[in-house]
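Engineer: Predicted structure and sequence below. I'll ask about it afterward.
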Amino acid sequence: MGNSQPWAVKNSFLSRLELPRFTPGKKDEHAPYRIISKDGKVQIGLQQMSFFKRRRYWKNILTTVLQLKWRWMFVIFSLGFLVTWTAFAIIYYIIALVHGDIGDNYTGSKRCIAQVGSFTAAFLFSLETQHTIGYGFRHVTTECGMAVLFVFLQFILGIGVQCVIAGLVVAKLQLARRCGKTVLFSSKLCVGTYDGEICLMVRVGNTRQCNLVSVKGYGVLMERATIEGNEGQDILSETSLDFTSENGGEYINLFWPAVMYCVIANNPQKFVGRLFDGGSELVITLEGIIESTGQNLQVRTSYKPHEIELGKKFCDLVPRYIHNNAQKSYHVIDHKDFHLTENDPNWTQSFEQY
């Protein structure tokens, strides 16, 4: 265990969170009160933020936009096109109006923009110009140099708008958190023995065939703590936990489902009692690199007391070798036993030693 001494968050809003009391064995009646949801979302909202503080979101507009939901992205994309179409349509309409091209009674010899005698016609000309659809009856003439200038500017701006929107779509599709949806955590956390030591055990797996490299895991136990001398006020304390692979190494191999271990070296009985405290929540985080794209990946989940099994270990997942003459041979792992646990025969003896 990396750091067995909890440190208290006394001066942040986390210290004012009211964590619900909980009785082990009951259903998760307080699921909305998790700090981290099962799918890794941070369930903490910010209130009473002034307008000046919210302005900081605009200093990193790219990240702000990428974190929006797809429906709001679609609204932004639509507005981006509609605003440019309408803005240049107004400009073309004003140019035509100043030149006297508007109206059915036009008697001039040549319009600035052919067949543009109304705002609707100006809007259609703006649309054709920005997307290079191809001019039909409406086209700019040499009668007005200002109209030619704005056609040139709309070409440049239109290309820029399309590049920005296309880049945002690609960036959002490539967000690493989307790839993290394929990383699977066990539904239960086991407290058992491994190699003669009492450990926390979590099974993780990657359901996508693309590989994750440099995978590491760590955890944070968040629990209630009382300030000395102030019995009526609870704060949130955190204890850092280091998880290792089955061979004790820092990096975890996710070619197949693996179990992460955290050795409880100092006073396991007391630590297990803290795990089952009503206000405790154990957050497990997995970090790695997506081999195909080189992007950093971080996924997490949390476990409440009723999701922790004492004296248990995960059942072994044995790969089956399949040989097919028509195809290449391969190994298969059945995920139906991914969450399955069994009694640890060494638990009672090992736990009583402490």
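Structural biologist: Great, that's in hand. It should be emphasised that the depicted structure is a prediction, and the values quoted were computed from it without experimental measurement.
Engineer: Which helix or which strand is home to residue 154?
Structural biologist: Using DSSP states H and E, residue 154 sits in helix 145-173.
Engineer: Please compute how far that helix lies from its chain's middle.
Structural biologist: What separates the centre of helix 145-173 from the centre of its chain is 29 Å, taken as CA atoms, centre = their mean, to the nearest Å.
Engineer: Can you list the helices and strands that that helix packs against?
Structural biologist: When contacts are defined as 3 or more CB pairs under 8 Å, 6 or more residues apart in numbering; DSSP states H and E, helix 145-173 sits against helix 61-66, helix 70-99, helix 119-130, strand 139-140. (C-beta placed from N, C-alpha, C; glycine too.)
Engineer: switch the cut-off to 10 Å
Structural biologist: Applying 3 or more CB pairs under 10 Å, 6 or more residues apart in numbering; DSSP states H and E, one finds that helix 145-173 contacts helix 61-66, helix 70-99, strand 113-114, helix 119-130, strand 139-140.
Engineer: Can you check which of those gets nearest to residue 293?
Structural biologist: Distance to residue 293, taken as CB to CB, is lowest for helix 61-66 among those, at 15.7 Å.
Engineer: who does the closest one touch, helix- and strand-wise?
Structural biologist: Using 3+ CB pairs under 10 Å, 6+ apart: helix 61-66 touches helix 56-59, helix 70-99, helix 145-173.
Engineer: What average pLDDT does that helix get?
Structural biologist: Mean per-residue pLDDT for helix 61-66: 78.
Engineer: Just the buried residues of that helix, please?
Structural biologist: Buried residues in helix 61-66, counted by 16 or more other CB atoms under 10 Å: residue 65.
Engineer: Over to stretch 250-270?
Structural biologist: 252, 254, 257-264, 268.
Engineer: Same question for stretch 331-349.
Structural biologist: Counting neighbours by 16+ other CB under 10 Å, stretch 331-349 gives 338, 341, 344, 347 as buried.
Engineer: Any regions of this structure where pLDDT drops low?
Structural biologist: 1-32, 46-58, 104-109, 175-180, 209-210, 226-234, 323-327, 329, 349-354 (pLDDT under 70).
Engineer: before we move on, back to that, between the buried residues of stretch 250-270, which is nearest residue 38?
Structural biologist: residue 260 (17.1 Å).
Engineer: Is that closest one in a helix, a strand, or coil?
Structural biologist: Here residue 260 is recorded as strand under DSSP: H, G, I helix; E, B strand; the rest coil.
Engineer: give me the beta-bridge partners of it?
Structural biologist: As for beta bridges, residue 260 partners with residue 202 under DSSP bridges.
Engineer: so how far is residue 306 from it?
Structural biologist: Using CB to CB, to the nearest Å, residue 260 is found at 21 Å from residue 306.
Engineer: Check residue 248 too.
Structural biologist: With CB to CB as the criterion, residue 248 and residue 306 are 30 Å apart.
Engineer: Neighbour count: the two, which is higher?
Structural biologist: Shown here are residue 248 and residue 306; by other CB atoms under 10 Å, residue 306 has more neighbours (16 against 10).
Engineer: Kindly confirm whether my reading is correct that that one touches residue 280.
Structural biologist: No: look at residue 306 against residue 280 with CB atoms under 10 Å: they stay out of range, at 11.2 Å.
Engineer: The buried residues of stretch 331-349: which two are farthest apart?
Structural biologist: Comparing all pairs in these by CB to CB, the longest separation belongs to 338 and 347, at 21.6 Å.
Engineer: Where do the helices of the stretch 201-350 of the chain begin and end?
Structural biologist: 268-275, 347-352 (DSSP state H, counting those that start in this stretch).
Engineer: Nearest to residue 208, out of these?
Structural biologist: With CB to CB as the measure, helix 268-275 is the member of the helices of the stretch 201-350 of the chain nearest residue 208 (31.2 Å).
Engineer: Alpha carbons of the closest one, as CSV, please.
Structural biologist: Extracted C-alpha coordinates of helix 268-275, given in CSV (Å, rounded to 0.1, in the frame of the first residue of the first chain):
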residue,chain,number,x,y,z
PRO,A,268,-5.2,-5.2,7.9
GLN,A,269,-8.0,-5.7,10.4
LYS,A,270,-8.3,-2.0,11.0
PHE,A,271,-8.1,-1.2,7.3
VAL,A,272,-10.8,-3.7,6.5
GLY,A,273,-13.0,-2.1,9.1
ARG,A,274,-12.5,1.2,7.4
LEU,A,275,-13.6,-0.3,4.1
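Engineer: for it, the distance to its chain's centre please.
Structural biologist: Centre-to-centre, helix 268-275 and its host chain are 32 Å apart (CA atoms, centre = their mean).
Engineer: and if you look at stretch 298-315?
Structural biologist: Worked out by CA atoms, centre = their mean, stretch 298-315 lies 22 Å from the chain centre.
Engineer: Also stretch 133-144?
Structural biologist: Stretch 133-144 has its C-alpha centroid displaced from the chain centroid by 47 Å (CA atoms, centre = their mean).
Engineer: List the contacts of residue 153.
Structural biologist: For residue 153, the contacting residues are 88, 91, by CB atoms under 10 Å, 6 or more residues apart in numbering.
Engineer: any idea how far it lies from residue 139?
Structural biologist: In terms of CB to CB, residue 153 sits 17 Å off from residue 139.
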